[in-house]
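**Student:** Turn this into a structure:
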Amino acid sequence: MMSKGEETKERILYQAAALFNTQGYAGASISDIMRVTGLKKGGIYNHFQSKDELALQAFDYAIELIKQRYRDALKNKRHASERLQAIISVFGANVENPAVEGGCPLLNTAVESDDTHPMLRHRVQTAMNSLRDMIRRVIQKGMARGEIRPEINADEVATVMISLLEGAVMMSKLYDDSIHLERAIKYLNNYIQVELEMSS
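**Tutor:** Residues are numbered from 1 along each chain as shown. Below you'll find the model as predicted:
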């Protein structure tokens with residue numbers, strides 16, 4: 001059971017994560033944060049020392065929501081191909097039902113924090129490394145079990161999958177049309193079956 005203070009902090013994180021993800025870190029002022037949370041400045045600074053600290057924790061909070069979706073999608077999936085397709089399906093689900101309002105926090109924050117916010121950029125790299133590692137581990141375990149071709153480069157596949165999906169998310173958002181992500185998902189599911197799977 002969470003205390004009242006913990007509940008308030010979580011609510012601030014949830015609302016700030018959506019605000020930063022839609023307006024960007026630079027575009028969201030402390031008065032915007034006060035508006036979405038319904039709290040005064042002192043109420044926010046009771047829980048966070050600065051806007052910077054809130055931004056970092058809100059990003060971590062958003063990424064944790066997405067990681068939970070990966071955990072749920074991977075549950076009861078054993079075969080490497082099924083597990084890769086489950087990871088891909090999370091990208092599709094996030095368009096229809098975003099974990100955080102405003103699209104993919106990894107993509108949005110990576111673009112925004114590129115030169116302007118080194119600590120946030122470091123957080124994005126850590127989150128991206130975690131996604132890359134998850135894909136690599138699925139492939140390496142698949143190789144060990146004879147489900148994935150032994151000559152496959154796991155790191156290369158992780159790069160291709162993430163780049164294609166994040167690029168498709170960006171295009172779908174830009175054109176307000178999910179067809180771009182649907183095409184990327186269809187392509188990758190086929191790629192897994194044709195290029196990665198060991199032929200039976």
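**Student:** Which other helices and strands does the one helix or strand in the chain whose mean pLDDT sits lowest contact?
**Tutor:** Across the helices and strands of the chain, mean pLDDT, DSSP states H and E gives its lowest value to helix 105-116, namely a mean of 84. Under the contact criterion of 3 or more Cβ pairs under 8 Å, 6 or more residues apart in numbering; DSSP states H and E, helix 105-116 touches helix 4-23, helix 51-74, helix 118-144, helix 154-175. Where you see a C-beta, it was placed from the backbone N, CA and C, and this is true even at glycine.
**Student:** Report the buried residues of that helix.
**Tutor:** Buried positions in helix 105-116, judged by neighbour count with 16 or more other Cβ atoms under 10 Å: Pro105, Leu106, Leu107, Asn108, Thr109, Ala110, Glu112, Ser113.
**Student:** can those residues go into CSV with extra columns for distance to Arg136?
**Tutor:** Listed next are the buried residues of helix 105-116 as CSV, based on distance: Cβ to Cβ, whole Å:
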residue, distance to Arg136
Pro105, 22
Leu106, 17
Leu107, 20
Asn108, 24
Thr109, 22
Ala110, 19
Glu112, 27
Ser113, 24
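**Student:** Pick the one among those closest to Ile185.
**Tutor:** Comparing these against Ile185 with Cβ to Cβ places Leu107 closest, at 15.8 Å.
**Student:** circling back to that earlier point, nearest to Ala99, of the helices and strands packed on helix 105-116?
**Tutor:** Closest among the helices and strands packed on helix 105-116, using Cβ to Cβ: helix 51-74, at 4.2 Å.
**Student:** ok and the closest one relative to helix 118-144, angle-wise?
**Tutor:** 20 degrees (axes from the mean of the first three to the mean of the last three Cα atoms, to 10 degrees).
**Student:** which regions of the chain sit below the pLDDT cut-off?
**Tutor:** Along the chain, the model assigns pLDDT under 70 to residues 200.
**Student:** what sits against the closest residue to Val157 other than its chain neighbours?
**Tutor:** Leaving aside its chain neighbours, Val157 sits nearest to Ile139 (5.8 Å; criterion: Cβ to Cβ, 6 or more residues apart in numbering). When contacts are counted by Cβ atoms under 8 Å, 6 or more residues apart in numbering, Ile139 is found next to Ala80, Leu84, Ile148, Ile152, Ala154, Val157, Ala158, Leu196.
**Student:** Could I get the residues you listed in CSV, plus columns for distance to Ala16 and neighbour count?
**Tutor:** Below are the contacts of Ile139 laid out as CSV (distance: Cβ to Cβ, whole Å; neighbours: other Cβ atoms under 10 Å):
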residue, distance to Ala16, neighbour count
Ala80, 37, 24
Leu84, 33, 26
Ile148, 40, 25
Ile152, 40, 17
Ala154, 35, 20
Val157, 34, 22
Ala158, 30, 21
Leu196, 39, 20
